[in-house]
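Visitor: Give me coordinates for this.
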Amino acid sequence: MDAAQEYREIADRFTQVVEGVPDEDTWNRQSPVPEWTARDVVAHLVEWFPPFLEGGAGVHLPSGPPVKEDPVAAWRTLSNGVQALLEDPATADRQLVNPHIGTVPLPQAVLQFFAGDVFMHTWDLARATGQDERLDPDRCAALLAGLEPMDEILRASGQYGPKVEVGPEADVQTRMLAFIGRDVAAPRVQ
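Guide: Model prediction:
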């Protein structure tokens, strides 16, 4: 699967969850990330990635309305911009340069850093807003396999919480979420 198709599948699922938020009050519910509401999950994705791309590859993504005013339109604008970037044939030859990760082909950087984040945060937003929390098990397995060797680096970054212990019978989604610090057994906070 090429980068554009893989991103489309991941982003489409997140878009379904964003569009499934029923009302303004639901956007203010607590997410599984302790300091974030459901709206903050979208804000995180919309706000960190454009500067990352601009600084590392000189790519300027279109900006939509502020997330606090319209999280659905803010997400759609960003996601459509990322999709267009990946569908542009010139993107395949572009590089992203970052002092922490070195030089990476732009499509690989989008998938590795942004699409992975979108995938993980789909669960956070679904959990916060009472929607279907199921994630693709094959993607969960691939993500977990990619994250486990970087355990110490990820914890030191401060961007992942402590691992949550789960039993050996836990499914791959539960194991992946536990690795990034999510406790799927915790009750939903409403």
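
Visitor: On the pLDDT front, check residue 34 for me.
Guide: pLDDT for residue 34: 87.

Visitor: Correction: the previous question concerned residue 190.
Guide: pLDDT, residue 190: 59.

Visitor: So for the host helix or strand of residue 78, mean pLDDT?
Guide: Assigned by DSSP states H and E, residue 78 falls within helix 71-87. Throughout helix 71-87, pLDDT has a mean value of 98.

Visitor: residues making contact with the very next helix or strand once past that helix?
Guide: Going down the chain from helix 71-87, the next helix or strand is strand 95-98, by DSSP H and E. For strand 95-98, contacts defined as CB atoms under 8 Å, 6 or more residues apart in numbering pick out 52, 53, 55, 56, 57, 103, 104, 105, 106, 109. C-beta: built from backbone N, CA, C; applies to glycine.

Visitor: Show the buried residues in these.
Guide: 52, 53, 56, 57, 104, 105, 106, 109 (16 or more other CB atoms under 10 Å).

Visitor: hmm, which two among those residues are most spread apart?
Guide: Using CB to CB, these reach their maximum pairwise distance at 52 and 105, which is 14.9 Å.

Visitor: show me the contacts for the most centrally placed residue in the chain.
Guide: Ranked by distance to the mean C-alpha position of the chain (CA atoms, centre = their mean), the top residue is residue 118 at 1.8 Å. The neighbours of residue 118, taking CB under 8 Å, 6+ apart as the test, are 10, 11, 14, 45.

Visitor: So residue 103 belongs to a strand, correct?
Guide: Yes - assigned with DSSP: H, G, I helix; E, B strand; the rest coil, residue 103 falls within a strand.

Visitor: what's near enough to touch residue 140?
Guide: 172, 173, 175, 176.

Visitor: if you set the cut-off to 7 Å instead, what comes out?
Guide: 172, 173, 176 (CB atoms under 7 Å, 6 or more residues apart in numbering).

Visitor: mind checking which helix or strand the residue lying closest to the second one once chain neighbours are set aside is in?
Guide: Residue nearest to residue 173 in three dimensions, not counting chain neighbours: residue 140, with 4.7 Å by CB to CB, 6 or more residues apart in numbering. In the assignment (DSSP H and E), residue 140 maps to helix 137-147.

Visitor: quick check: angle from the helix ranked longest in the chain to helix 71-87?
Guide: Secondary structure assigned by DSSP state H gives helix 38-57 as the longest helix of the chain. For helix 38-57 against helix 71-87, the angle by axes from the mean of the first three to the mean of the last three CA atoms, to 10 degrees is 30 degrees.

Visitor: For helix 38-57, buried residues please.
Guide: 38-46, 49-50, 52-53, 56-57.

Visitor: so which of the residues you listed would you say is closest to residue 71?
Guide: Distances from residue 71 to the buried residues of helix 38-57, taken by CB to CB, are shortest for residue 42, at 4.4 Å.
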